[in-house]
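1. Below: sequence and its predicted model.
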Amino acid sequence: MTSPIVVVTGANGLVGSHVVSALGERGATVRAVVRRVGTAPQHPHVEEHVGDFADPTFAATVVAGADALVTTVHPLGSGRDDQRRVGLDGTMTIAEAAVDAGVPLLVHVSTAGVYDRSPGMGDVDESAALVPDDSSAYGVVKRDVDAALERLASTTRVLLRPPAILGPGPTSIWNTVRPAEIRDDEAERHANPDQTFAWVHVDDLASIAADVATGAIATADDPESGPVAGGCTPVNVASGPATQRDYLGAVTDALDLEPTWDDSPAWTGQVVADRARRWGWTPRVDLSTALEELRAGLRG
């Protein structure tokens, strides 16, 4: 039996690099798409493909003959126009190229940020209300990417929806970028301690992405049993409950700062990941381990 060929965009990013590693552990041949020579993860069976996945010619070339495509790129810190150009238009260019090439499976790393998590909203599962148009650019654009992928046909599409992604790395939002903001701006140290901090560790997110992309999680007729064959199936990927007292408390403790707890309105529900668990996914990194990793990185 030949190993599956999986294309991964953003292969040198936090999520993409972990997905590449997880795919390698499962015996896949990985086409790692990066923008700069020599930046793809160095693993056996990883082929570096340098180019812009938003270029239709490059996209068509890199997906030809592949068994799956995993898209991980979104310019989180950019303005709305850049997020649409890269996150929406670019993702759809390579997704449409994959459909045209007959690639049977597309796995897209979306976000739980597509759900309306306003104060007073309860738990959110895959049927929950999505963000309105006047929400943050990130949530709205990611919502629109999901909707565009839903409109594609002739391939099985899976929308992975993680909340905050913990894990070390220079581009890690929650282990590096956000703590720097908290360190440098006293106003960023304010939070309702009971506000939900929904999270997943990058290793656990990469695990389900790789299992879906390699067929270890098989397609099904019922979305509660697996990705719907030929359909578009969203699935929340979240670990156990946590609050801002846990996350902001860990960051400020590591930085030797004091948080300011207030009673501002806050969402206190949970991102329900029962569907992922029914697919056989079990997160392995618990909250205490993830937060200790965070503290160690900041103290180091």
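-> Right, received. Where do you want to start? Residues are numbered from 1 along each chain as shown.

2. Verify the stated contact: residue 140 with residue 130.
-> No - taking contacts as CB atoms under 8 Å, residue 140 lies outside contact range of residue 130: 9.1 Å. Yep, even glycine has a C-beta here, placed from its N, CA and C like the rest.

3. For the two, work out which one has more neighbours and name it.
-> A direct count of neighbours by other CB atoms under 10 Å for residue 140 and residue 130 places residue 140 higher, at 20 against 17.

4. I'd like the next helix or strand past the helix or strand encompassing that one.
-> Assessed by DSSP states H and E, residue 140 sits inside helix 137-151. Going down the chain from helix 137-151, the next helix or strand is strand 156-161, by DSSP H and E.

5. Distance from the helix or strand just after that following strand to the middle of the chain?
-> The C-terminal neighbour of strand 156-161 among helices and strands, as given by DSSP H and E, is strand 164-166. Distance of strand 164-166 from the chain centroid (CA atoms, centre = their mean, to the nearest Å) equals 9 Å.

6. try stretch 188-200
-> In terms of CA atoms, centre = their mean, the centre of stretch 188-200 is set 19 Å apart from its chain centre.

7. Quick one: mean pLDDT for it?
-> In this model, stretch 188-200 has a mean pLDDT of 98.

8. got the CA positions of that stretch in PDB?
-> What follows is stretch 188-200, C-alpha atoms only, in PDB (Å, rounded to 0.1, in the frame of the first residue of the first chain):
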ATOM      1  CA  GLU A 188      -4.200  44.100  28.400                       C
ATOM      2  CA  ARG A 189      -3.900  42.800  32.000                       C
ATOM      3  CA  HIS A 190      -7.600  43.400  32.700                       C
ATOM      4  CA  ALA A 191     -10.200  40.600  32.400                       C
ATOM      5  CA  ASN A 192     -13.200  39.000  34.100                       C
ATOM      6  CA  PRO A 193     -11.600  36.000  35.900                       C
ATOM      7  CA  ASP A 194     -14.600  33.900  35.100                       C
ATOM      8  CA  GLN A 195     -14.500  34.600  31.300                       C
ATOM      9  CA  THR A 196     -14.100  31.300  29.400                       C
ATOM     10  CA  PHE A 197     -10.700  30.700  27.900                       C
ATOM     11  CA  ALA A 198     -11.500  27.900  25.400                       C
ATOM     12  CA  TRP A 199      -8.300  26.300  24.200                       C
ATOM     13  CA  VAL A 200      -6.500  23.300  22.600                       C
END
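
9. Could you list the buried residues of it?
-> 188, 189, 191, 192, 195, 196, 197, 198, 199, 200 (16 or more other CB atoms under 10 Å).

10. same thing with stretch 223-237?
-> Residues 223, 226, 227, 228, 231, 232, 233, 234, 235, 236, 237 are the ones in stretch 223-237 that count as buried (16+ other CB under 10 Å).

11. wait, doesn't the first one sit right on residue 276?
-> So the one you mean is residue 223. No - Residue 223 lies out of contact with residue 276 (CB under 8 Å); the separation is 11.0 Å.

12. Can you check which residues contact both of the two?
-> Both residue 223 and residue 276 are contacted by residue 235, under the criterion CB atoms under 8 Å, 6 or more residues apart in numbering.

13. Tell me where the stretch 151-300 of the chain has helices.
-> In the stretch 151-300 of the chain, the helices defined using DSSP state H, counting those that start in this stretch lie at 178-184, 202-213, 244-254, 274-278, 287-299.

14. Pull the distance from the longest one to the chain's centre.
-> The gap between the average C-alpha position of helix 287-299 and the chain average comes to 20 Å, counting by CA atoms, centre = their mean.

15. Any figure for the gap between residue 283 and residue 237?
-> 8 Å (CB to CB, to the nearest Å).

16. Now do the shared contacts for the two.
-> With CB under 8 Å, 6+ apart as the test, residue 283 and residue 237 both reach 200, 204.

17. Quick check: phi and psi on residue 117?
-> Per-residue torsions, residue 117: phi -120, psi 50 (degrees, to the nearest 10).

18. tell me the contacts of it?
-> 124, 196, 267, 269.

19. how much space between it and residue 94?
-> Going from residue 117 to residue 94 by CB to CB gives 29 Å.

20. try residue 114
-> For residue 114, the distance to residue 94 - CB to CB - is 20 Å.

21. For the residue lying closest to residue 290 once chain neighbours are set aside, give the beta-bridge partners.
-> Among residues not flanking residue 290 along the chain, residue 166 sits closest, at 4.6 Å (CB to CB, 6 or more residues apart in numbering). Beta-bridge partners for residue 166, by DSSP bridges, are residue 201.
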